[in-house]
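Novice: okay, sequence plus prediction incoming.
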Amino acid sequence: MCGIVGYVGPQPALPILVEGLRRLEYRGYDSAGVAVRTDDAIWVQKAVGRVSSLAAKTRLGPAGCIGIAHTRWATHGGVTEANAHPHLDERARIAVVHNGIIENMSELKRELEQQGVVFKSETDTEIFAHLIRSVYDGDPLQAVSYAVKRVRGTYGIAVMFQEHPEQLFVARNGSPLVIGLGDGETVVASDPQAVVEHTRRVVYLKDRELAILTRDGVQVHSFDGRSLDSSIEMLEADYKVADKEGFPHFMLKEIHEQPRSIQRCQLGRIQVEDGNARLGGMELQPRDLVGIQRVIMLGCGTSYHAGMVGSMAIEALARVPSRAEIASEFRHRHPIVPREALFVAISQSGETLDTLGAIQEVQLKGGDCVGVVNVVGSTIARTCGRGTYLYSGPEVAVASTKAFTSQITALLTFTLMLARTRDLSYDKGQEVAQSLHDIPAKVAHYLERPGPIDEAVEAIVDARYVLFLGRGFSYPVALEGALKLKEIAYVPCEAYPAGEMKHGPIAMLEEGTPVIVIVPRDSQREKAISNIKEVQARGAKVIAIHTEGDELVQSIADISIEVPACAEYVSPLITVLPLQLIAYKAGLALGRDIDKPRNLAKSVTVE
Ligand code: G6P
C-alpha cells in the first residue's frame, strides 16, 4: 500500500520519479505527489487522483537531479492534496514520503504540538518530517535515526534535505524498499518494477535498516548507527516491466496468461513418469514429510481461497488433516501452533501485513512455516526462509487471477509430494501428476471458446443481489468468483456452500435473481443439481458452470457455460476461469476502472 520512489543521479529527477510512480500505481492510487530539490527550495507538486493527474501538473517542473515521490492509499486522513505526500517540515527544508502506519501517532503528535509545531495535514507521515527537524543540527543521518527510533509501526520512508543535495535517506521497518544501483545514479522504490529500467543491480533493505543513497551507491546502517554490509543482488534475467501486450487491461492479459503461468509453475516440478513431484525450495525430505501431522494454510483474499482448495486436496489425497485460516483472524486470537503441523503462508505480493503477522506468530511459538509466494525476495518469502515461488511474473491488476491458479498449482504439487509419502500409490500418483500436467492445455482450450459470458453478464449487471453456490472444491471457487465480482464490478453478491444456502440466503431469492452455480462433474454434482432445482423453484435464474457434455445440467440451467472435463481436485483451476471473465466483463459493462478498482490496493501493508 502506497508506493515510494526516489532518485539521485545526473538526470532531471522529475520525469524519472513520475514514470516510477506509474509502475507502482497498483500499490495505491487515490493521490500522488513529488518533491524535487532546486537550488533555492524543495519544489513540491501534488494531485488528487491518479498519477496521470500528477503527470499533467508536473510537465513544466524543475530540472533538479534529486527527488522523492509517492502514490497514496489513504490510511490517516482523507484523500486531499494536503494529505498527499511528500510532507515537509515547517521550514520546508526536509521532505518525507512514507509507506505504512505510525502506531504511536497521537503521542508523538501531542509532543510535537507542545513544542509549537503546527500540522498541515491529517497524516501520520508528517510526524516524521517534524521529528527529524526537531533534532536536526546539520547531521541528517543522526536526525533520521532519531526519528525512526521514536516511531512505532510499519514503514518505509524516503527523506530529502535541502541542505544535502547529494544524498537521500531511506529506512525500513516492515514496508519494502529496494535500492537500484545504476551507473552514476541510484534509484529507490517500493518494488523493482520502478527500478528495472535503470539497473538490475539491487540491494533489498532489511527491517530496521537505514541507508544513505548517493549517485555512487549506498551505505547501509542499523537503526542504532552501526555501519552494515549490504549484499548486492541481480534482478532475474527474465524480470521486466509489466506490459499489457496489446490487451486493453492487465486483468484480461493476466487471465489469458494462465496457460503459460500455470505451466511455468509446474516446470521441473511435476514428474508424470515417477508419479511424483518436487519442490526443492520447501527443503522437505520424505522423512520430514512423513512427520507432518497437519497442514495449516494462512492467507488473505484470493490467497486464502487458494489455501482452501489446497487444504481440501491435502485431506482428499494425502489424508492429512488440513485447514485454511484467514491470516488476520489467526494472528490475533492467540492461536495454537501444534508442533507437528506445517504452516503454509500463501501470498502473491509477499507483503500482506496480516499474513506476515500470522507467520511471525507461528514462528514465535516455535512453529514451522513455508511460503508460497509470487514476488521473489519479498518480505514473506524472506521471513519464511523456505518455500516455493510461483513464477507467475508480475501481476499488475489489483484483482488477482493468474496468481490464484498458480497458487493452487503449487499447493497441488505439494499435495502430491506429501501424498506419495503416505497412502497414494504410484498409479494414483501418476494420475494426479498427469491431471496437473494437462491443465495448461485445458485452460487454453477453454479461453479460446469461453461460452456465453456476455449473456451471463447481462443477467447480473443490474441485479440487486447475485448468489454464487458451490460444493466441495467448488465452494472456494464460488467465494473467489464473488470476490472478483465485488472487486471489479461492485455488484452486491455473496458466495455460499450450496448445501448451506437453505439456512438463510434462500430468503434473498426473488423472481429473476441470478444464481451462479459451479457444478462440474464431480462427487458433489447430484447434490448441487438439487440445489439448482431449489433456487429455480424460487424464481432464480441459474447460470451454471459445468463440465462439457453434461446434458442434464445444460438442460436445466438458464445459461450454461461449459468447461473442459478434469479431475475433481484440479477443477478449481478450470471452473474459476468463466468467473474471472464474468467479473471482468461486468466491470467493463458498468464502466469500472478494471485494473484499479475503487478503495482497493494490490499489496496491503496495513492491518
Ligand atoms: C489484496 C488484493 C487481493 C489479494 C489480497 C492478498 O486484498 O487486492 O487481490 O488477494 O490482498 O494479497 P497477497 O499478495 O497476500 O496474495
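Specialist: Cool, the structure landed.
Novice: let me see the ranges of the strands in the stretch 151-300 of the chain.
Specialist: 153-161, 168-173, 178-181, 186-189, 201-204, 209-214, 217-222, 227-228, 233-234, 270-271, 276-277, 294-299 (DSSP state E, counting those that start in this stretch).
Novice: just checking, what packs against the fifth one?
Specialist: The elements that strand 201-204 packs onto, with contact taken as 3 or more C-beta pairs under 8 Å, 6 or more residues apart in numbering; DSSP states H and E, are strand 178-181, strand 233-234. All C-beta spots, glycine's among them, are computed from the backbone N, C-alpha and C.
Novice: what strands line up against that strand, and which way round?
Specialist: Strand 201-204 sits in its sheet next to strand 178-181 (antiparallel), strand 233-234 (antiparallel), going by DSSP bridges.
Novice: buried ones in that strand, by neighbour count?
Specialist: Arg201, Val202, Val203, Tyr204 (16 or more other C-beta atoms under 10 Å).
Novice: using a markdown table, lay out those residues together with distance to the ligand and pLDDT.
Specialist: As requested, the buried residues of strand 201-204 are exported to a markdown table (distance: C-beta to the nearest ligand atom, whole Å; pLDDT from 0 to 100):
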| residue | distance to the ligand | pLDDT |
| --- | --- | --- |
| Arg201 | 26 | 97 |
| Val202 | 20 | 96 |
| Val203 | 23 | 96 |
| Tyr204 | 17 | 93 |
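Novice: that older thread, just say which of the strands of the stretch 151-300 of the chain is most tucked in.
Specialist: Ranked by mean neighbour count, those are led by strand 186-189 with a mean of 28 (mean count of other C-beta atoms under 10 Å).
Novice: list of residues touching that strand?
Specialist: Strand 186-189 is contacted by residues 3-9, 16, 20, 23-24, 158, 168, 170, 177-180, 194-195, 198-199, 213-218 when judged by C-beta atoms under 8 Å, 6 or more residues apart in numbering.
Novice: for Thr355, what are phi and psi?
Specialist: phi -70, psi -40 (degrees, to the nearest 10).
Novice: now swap in Ala463 and tell me
Specialist: phi -70, psi 150.
Novice: so in the protein, which helix runs the longest?
Specialist: Assignment by DSSP state H gives helix 426-448 as the longest helix of the chain.
Novice: in that helix, what counts as buried?
Specialist: Under the neighbour-count criterion of 16+ other C-beta under 10 Å, helix 426-448 has 429-430, 432-433, 435-436, 439-440, 442-444, 446-447 buried.
Novice: what's around the spatially closest residue to Val519 that is not a sequence neighbour, how many residues?
Specialist: Nearest non-adjacent residue to Val519, counting by C-beta to C-beta, 6 or more residues apart in numbering: Ala528, 4.2 Å away. Per other C-beta atoms under 10 Å, the neighbour tally for Ala528 reads 23.
Novice: export only the CA atoms of the helix or strand hosting Ala528, formatted as PDB.
Specialist: Ala528 belongs to helix 525-537 when elements are defined using DSSP states H and E. The C-alpha coordinates for helix 525-537 follow below in PDB (Å, rounded to 0.1, in the frame of the first residue of the first chain):
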ATOM      1  CA  ARG A 525     -22.700 -32.900  -8.700                       C
ATOM      2  CA  GLU A 526     -26.000 -34.600  -7.900                       C
ATOM      3  CA  LYS A 527     -26.400 -32.600  -4.700                       C
ATOM      4  CA  ALA A 528     -25.600 -29.400  -6.500                       C
ATOM      5  CA  ILE A 529     -28.200 -30.200  -9.100                       C
ATOM      6  CA  SER A 530     -30.800 -30.500  -6.300                       C
ATOM      7  CA  ASN A 531     -29.700 -27.000  -5.200                       C
ATOM      8  CA  ILE A 532     -30.300 -25.700  -8.700                       C
ATOM      9  CA  LYS A 533     -33.800 -27.100  -8.500                       C
ATOM     10  CA  GLU A 534     -34.400 -25.400  -5.200                       C
ATOM     11  CA  VAL A 535     -33.300 -22.000  -6.300                       C
ATOM     12  CA  GLN A 536     -35.200 -22.300  -9.600                       C
ATOM     13  CA  ALA A 537     -38.300 -23.100  -7.600                       C
END
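Novice: same question for the following helix or strand past it, mean pLDDT?
Specialist: In the C-terminal direction, the helix or strand that comes right after helix 525-537 (DSSP H and E) is strand 541-547. Regarding strand 541-547, the rounded mean pLDDT is 98.
Novice: what's strand 541-547 in contact with?
Specialist: For strand 541-547, contacts defined as C-beta under 8 Å, 6+ apart pick out 456, 459-460, 512-521, 532, 535-536, 553-554, 556-565, 575, 578-579.
Novice: just the ones of those residues in helices?
Specialist: Reading helices off these with DSSP H, I get Ala456, Ala459, Ile460, Ile532, Val535, Gln536, Val553, Gln554, Ile556, Thr575, Pro578, Leu579.
Novice: of those residues, grab the buried ones for PyMOL.
Specialist: Typed into PyMOL, the line below selects the buried ones among those, using 16+ other C-beta under 10 Å:
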select buried, resi 456+459+460+532+535+536+553+556+575+578+579
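Novice: so which of the ones in helices among the contacts of strand 541-547 also contact the ligand?
Specialist: Applying C-beta under 6 Å from any ligand atom to the ones in helices among the contacts of strand 541-547, one finds that nothing falls near the ligand.
Novice: which of the ones in helices among the contacts of strand 541-547 lies closest to Asp354?
Specialist: For these, the closest approach to Asp354 (C-beta to C-beta) belongs to Leu579, at 24.5 Å.
Novice: OK, contacts around the closest residue to Gly587 other than its chain neighbours?
Specialist: Counting by C-beta to C-beta, 6+ apart, the nearest residue to Gly587 once its immediate chain neighbours are dropped is Ile488, at 3.7 Å. By C-beta under 8 Å, 6+ apart, the contact list for Ile488 reads Met251, Ala399, Ala583, Tyr584, Ala586, Gly587, Arg592, Ile594, Pro597.
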